[in-house]
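Give me coordinates for this.
(one chain, ligands or ions: 1)
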Amino acid sequence: MKQYDYIIVGSGLYGATFAHFAKNNGYKCLVIEKREHLGGNVYCENLEGINVHKYGAHIFHTNNKDVWDFVNSIVEFNRYTNCPVANYEGKLYNLPFNMNTFYQMWGVVSPEEAIKKIEEQRADALARLNGREPLNLEEQALLLVGEDIYRKLVKGYTEKQWGRSCTELPSFIIRRLPVRLVFDNNYFNDSYQGIPVGGYNKLIDGLLDGIECKTSVDFFNSEYRDWKKYAEKLVYTGPIDEYFNYQYGKLQWRTVKFENEVLDIPNFQGNAVVNYTEREIPYTRIIEHKHFESFGQDVYANSKTIISKEYPVEYTEGMEPYYPINDQRNDEIVNKYRKLADNETNVIFGGRLAEYKYYDMAPIIEKVMNYF
Ligand SMILES: Cc1cc2nc3c(=O)[nH]c(=O)nc-3n(C[C@H](O)[C@H](O)[C@H](O)COP(=O)(O)OP(=O)(O)OC[C@H]3O[C@@H](n4cnc5c(N)ncnc54)[C@H](O)[C@@H]3O)c2cc1C
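Predicted coordinates for the structure are as follows:
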């Protein structure tokens, strides 16, 4: 008999949830993690008494009651509701586009007035297209929401995000730009959302409770590369191209650079997320982390605050791989790796890096729950 049933490479949400369910089903697991800490990209660093989302702001949201009940069985979730605000030339607009936004943009106070205004705004774009399909993102956005919203809230932000002009970006990137004719700033339509009370590390610690974990161990440079000596099965949550030694080439990613600042004031922007939608401001968003976990006047209990400016940057070697680029080149390469993965015996490839697929947190948990 081998020492473990499963060796799990990576302690992100996929690896940690897998280990949790495997343990509950009587299997012995070892989790190895190349970073110095557990938790993958949901890991938070506590600075000045504030949980800083080190790898980008994470908001848990789901419509799946089983997933919600499960995560709440591990750690209680707070009442955080994501209501981002956009700053354009110093004026603030609520997001997603709703009656508050339309009031701020045009002073309209009823849904009827708002519909009329949006139709007026779209009329030019419709006339210009004269029946043909939009050729690029700019044409598509103008058709969906019209001039003012596009120029003030979509254009600059999107161009910063993609590093290209909206006239050079394909129209399919923005299939829909939902507008809400109600006063509702809640970004998500899901029934459940929140942040773990005490931060995401509590969720990871709860999932990994009672499971042997080793940090600062890179699978490829460790004795566990020869995993069959130690375990019946391998769960691999690292990059799929690395597993196969990049034999078909490297997969490409988009990434974001975070610039953190500790400020000697208790409240910088009064909200967790503020988008900067002007092209001239180099960052896309400022995250103020304390607002994920403290509400109302409680934010003043800590005299300091921590903000992160987010800069979309071109991915180069050594950076964090954040978003897969699902274009033709990368699709072709990943399909070849997936074929190799299908032929591996007793190896489970799971999670965003091994599947080369963007997943929110809840679907990751759902996938593991469905496995068991
Ligand atoms: C910027 C950003 C913001 C996001 N915001 C949200 C949000 O608001 N809401 C939401 O629901 N989702 C969000 N997500 C998605 C969320 O981060 C993922 O769903 C989740 O992290 C996926 O978990 P994972 O285990 O697949 O991957 P990861 O968290 O990346 O975990 C993989 C782990 O494997 C380790 N590893 C890799 N290779 C090796 C190796 N060779 N040896 C040992 N260990 C290895 C890595 O170090 C890492 O810890 C966001 C993602 C990004 C990029």
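
Take stretch 221-234, keep the C-alpha atoms, and write them as PDB.
This file holds the C-alpha atoms of stretch 221-234, laid out as PDB (Å, rounded to 0.1, in the frame of the first residue of the first chain):
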ATOM      1  CA  ASN A 221      11.800  20.000  -8.600                       C
ATOM      2  CA  SER A 222      10.800  17.600  -5.800                       C
ATOM      3  CA  GLU A 223      10.800  14.000  -5.000                       C
ATOM      4  CA  TYR A 224       7.000  14.000  -5.700                       C
ATOM      5  CA  ARG A 225       7.700  14.300  -9.500                       C
ATOM      6  CA  ASP A 226       7.900  10.500  -9.100                       C
ATOM      7  CA  TRP A 227       4.500  10.600  -7.500                       C
ATOM      8  CA  LYS A 228       3.700   6.900  -8.200                       C
ATOM      9  CA  LYS A 229       6.200   5.900  -5.500                       C
ATOM     10  CA  TYR A 230       4.000   7.700  -3.000                       C
ATOM     11  CA  ALA A 231       0.400   7.800  -4.100                       C
ATOM     12  CA  GLU A 232      -2.300   6.000  -6.000                       C
ATOM     13  CA  LYS A 233      -3.400   9.200  -7.800                       C
ATOM     14  CA  LEU A 234      -2.200  12.700  -8.700                       C
END
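
Which residues does it contact?
Residues from elsewhere that reach stretch 221-234 (C-beta atoms under 8 Å, 6 or more residues apart in numbering): 2-9, 30, 32, 217, 219, 346-348. (C-beta placed from N, C-alpha, C; glycine too.)

which among these gets closest to the ligand?
Nearest to the ligand among those: residue 219, at 3.6 Å, using C-beta to the nearest ligand atom.

quick one, what contacts the residue nearest to the closest one when sequence neighbours are not counted?
Excluding the flanking residues, the one nearest residue 219 by C-beta to C-beta, 6 or more residues apart in numbering is residue 9, at 4.5 Å. Going by C-beta under 8 Å, 6+ apart, residue 9 touches 15, 32, 219, 224, 234, 235, 236, 237, 238.

Also residue 102?
Neighbouring residues of residue 102 by C-beta under 8 Å, 6+ apart: 108, 114, 117, 118.

Export those residues as JSON lines, with columns for pLDDT and secondary structure.
Shown next, in JSON lines, are the contacts of residue 102 (pLDDT from 0 to 100; DSSP: H, G, I helix; E, B strand; the rest coil):
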{"residue": "108", "pLDDT": "98", "secondary structure": "coil"}
{"residue": "114", "pLDDT": "97", "secondary structure": "helix"}
{"residue": "117", "pLDDT": "96", "secondary structure": "helix"}
{"residue": "118", "pLDDT": "95", "secondary structure": "helix"}
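
Among the contacts of stretch 221-234, which has the minimum pLDDT value?
Here the lowest pLDDT out of these sits on residue 2, with 94.

What is the neighbour count of that residue?
Per other C-beta atoms under 10 Å, the neighbour tally for residue 2 reads 13.

hang on, isn't residue 95 packed against residue 188?
No: with contact defined as C-beta atoms under 8 Å, residue 95 does not reach residue 188; the gap is 11.5 Å.

Could you name every residue contacting both of those two?
Common neighbours of residue 95 and residue 188 (C-beta under 8 Å, 6+ apart) do not exist.

How about the residues of the stretch 101-250 of the chain by the ligand?
For the stretch 101-250 of the chain, the residues in contact with the ligand (C-beta under 6 Å from any ligand atom) are 218, 219, 220, 237, 238.

Switch these over to a markdown table; also include neighbour count and secondary structure.
Putting these into a markdown table (neighbours: other C-beta atoms under 10 Å; DSSP: H, G, I helix; E, B strand; the rest coil) gives the following:
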| residue | neighbour count | secondary structure |
| --- | --- | --- |
| 218 | 15 | coil |
| 219 | 22 | helix |
| 220 | 12 | helix |
| 237 | 28 | coil |
| 238 | 19 | coil |
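
ok, these vs the ligand, which is closest?
residue 238 (2.7 Å).

now the closest one: how far from residue 90?
44 Å (C-beta to C-beta, to the nearest Å).

And residue 306, by the same measure?
The gap separating residue 306 from residue 90 is 23 Å, by C-beta to C-beta.

ok, these two, which is more surrounded?
Using other C-beta under 10 Å, the more surrounded residue of residue 306 and residue 90 is residue 306, with 21 against 6.

just checking, next helix/strand downstream of whatever helix or strand residue 157 lives in?
Using DSSP states H and E, residue 157 maps to helix 155-162. The helix or strand immediately downstream of helix 155-162 is strand 192-194, counting by DSSP H and E.

Determine the set of other helices and strands touching that following strand.
Here strand 192-194 touches strand 60-62, going by 3 or more C-beta pairs under 8 Å, 6 or more residues apart in numbering; DSSP states H and E.

so after the strand it packs on, what's the next helix or strand?
Later in the chain than strand 60-62, the nearest helix or strand by DSSP H and E is helix 65-74.

buried stuff in that next one?
Residues of helix 65-74 classed as buried: 67, 68, 70, 71, 74 (neighbour count, 16 or more other C-beta atoms under 10 Å).
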